[in-house]
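**Q** have a look at this prediction, sequence included:
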Amino acid sequence: MTDYELFNLNELNGWIIGSEFEKNTPFYSSLFQLGRTNYLYPWKDPKFHYHTESIEIYLVLQGELWVIVDEIAVILKEKSILLVQPGIFHSVIGGKGLIQHFGMKIPSMEDKKIIKEEKDDYENKIEKITKSGFNQSPYKQLDRNHGFIADLKEESNINCWLIGLWEVKYKTEKFCFAYINFDTLEEKNAHIHQDHFHYHSESTEWYFTFKNSQELLVNDTIVKVPEGYLLKIPKGIPHKQISMSFPFEGATIRTPIQDDKIILS
């Protein structure tokens with residue numbers, strides 16, 4: 001087993017990390033499927049679909065993404081995140097501006113089910129749902145059985161585990177998600193969380209860098225994660241975040257969720 005994997009996502013579009021069923025993805029993971037829209041104009045899915053087992057996440061960093069979730073049409077504005085639960089039909093129906101977003105599916109598996117209907121039926125359903133307008137406030141929560149929307153510009157949603165199993169805004173047993181945004185070193189130092197040298201006995205951690213860079217100590221190697229890169233640290237590998245360049249923006253994901261963090265002296 002390698003200590004880590006470092007992915008350069010800067011020039012990549014489409015599905016990047018997938019399971020054995022995603023034949024066209026350059027990288028493999030059974031736990032985590034990742035796709036990226038890298039500053040593209042708005043698009044529309046050809047059909048509604050749902051996933052039988054997986055959670056799907058839309059993380060919008062720039063532009064607007066318009067999505068129907070069940071019978072609700074929402075606008076995902078810049079710096080927002082949408083989680084869609086298994087079994088809930090959804091579809092991207094457009095957007096605004098050049099869009100940069102990450103799409104994630106947890107776990108990574110072949111469980112996508114297309115709702116079979118004619119193109120006219122699809123268009124009519126979109127028209128019916130959007131007739132009364134979009135939910136202009138993505139901060140109004142969906143029914144918890146359907147999913148979760150959060151504004152990542154809100155202070156209470158930043159620099160903490162936003163999604164996960166413990167003291168979080170949205171509870172799920174499938175993964176943890178934290179959005180990190182520090183303007184200065186002083187701001188980071190004032191934050192209550194301090195990282196320890198640790199490993200996870202069962203889960204994998206993923207460290208994204210959206211702006212500037214971060215460094216982690218992985219075993220006895222210092223690994224720099226520049227802007228636009230993703231670091232994968234498998235289970236059992238000791239690691240610790242040791243530095244950031246500011247202003248820093250990124251995200252951390254851990255899957256599957258286990259109470260398996262082992263802190264090392």
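**A** Looks like it arrived, so ask away. Numbering: from 1, shown residues only.
**Q** tell me which residues are up against the one helix or strand Ile242 maps to.
**A** Per DSSP states H and E, Ile242 falls inside strand 239-244. Contacts to strand 239-244, defined as C-beta atoms under 8 Å, 6 or more residues apart in numbering, come from residues 4, 182, 185, 188, 195-199, 205, 207, 212-219, 222, 233. All C-beta atoms are positioned from the backbone trio N, CA, C, and that covers glycine.
**Q** distance between the helix or strand just after it and the chain's centre?
**A** Using DSSP H and E, the next helix or strand after strand 239-244 towards the C-terminus is strand 248-255. Relative to the chain's own centre, strand 248-255 is displaced by 8 Å; criterion: C-alpha atoms, centre = their mean, to the nearest Å.
**Q** and the average pLDDT for stretch 240-254 is what?
**A** Stretch 240-254 shows a mean pLDDT of 97.
**Q** before we move on, what about stretch 167-177?
**A** Per-region confidence: stretch 167-177 scores 93 on mean pLDDT.
**Q** how far does it stretch from start to finish?
**A** Stretch 167-177 has an end-to-end distance of 12 Å (C-alpha to C-alpha, to the nearest Å).
**Q** still on that earlier bit, tell me the buried residues within the contacts of strand 239-244.
**A** Listed as buried from the contacts of strand 239-244 are 4, 182, 188, 199, 205, 207, 212-218, 233; burial here means 16 or more other C-beta atoms under 10 Å.
**Q** out of those, the closest to Lys113 would be?
**A** Checking the buried ones among the contacts of strand 239-244 against Lys113 with C-beta to C-beta, the nearest one is Glu205 at 29.9 Å.
**Q** Validate this expectation: that closest one resides in a strand.
**A** Yes - assignment of Glu205 by DSSP: H, G, I helix; E, B strand; the rest coil places it within a strand.
**Q** what bridges to it?
**A** Beta-bridge pairing of Glu205 under DSSP bridges involves Ile233, Arg254.
**Q** any stretches of the stretch 151-265 of the chain with poor pLDDT?
**A** For the stretch 151-265 of the chain, no stretch has pLDDT under 70.
**Q** in the protein, which spans are helices?
**A** Under the criterion DSSP state H, the chain carries helices at the ranges 119-130, 185-190.
**Q** make a markdown table out of these and add distance to Asn157.
**A** Shown next, in a markdown table, are the helices of the chain (distance: least, C-beta to C-beta, whole Å):
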| stretch | distance to Asn157 |
| --- | --- |
| helix 119-130 | 27 |
| helix 185-190 | 16 |
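**Q** so of these, which one's packed in deepest?
**A** Burial of those is given as mean neighbour count (mean count of other C-beta atoms under 10 Å); helix 119-130 ranks first at a mean of 13.
**Q** quick one: mean pLDDT over that helix.
**A** Mean pLDDT, computed over helix 119-130, is 90.
**Q** kindly export it (C-alpha atoms) in CSV.
**A** Extracted C-alpha coordinates of helix 119-130, given in CSV (Å, rounded to 0.1, in the frame of the first residue of the first chain):
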residue,chain,number,x,y,z
LYS,A,119,-38.3,14.0,-23.7
ASP,A,120,-41.5,16.0,-23.8
ASP,A,121,-42.6,14.4,-20.4
TYR,A,122,-39.2,15.5,-18.9
GLU,A,123,-39.6,19.1,-20.2
ASN,A,124,-43.2,19.2,-19.0
LYS,A,125,-42.2,18.1,-15.5
ILE,A,126,-39.5,20.8,-15.3
GLU,A,127,-42.0,23.4,-16.4
LYS,A,128,-44.6,22.3,-13.8
ILE,A,129,-42.1,22.3,-11.0
THR,A,130,-40.5,25.6,-11.9
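**Q** mind checking how far it is from the chain centre?
**A** Between the centre of helix 119-130 and the centre of its chain there are 28 Å (C-alpha atoms, centre = their mean).
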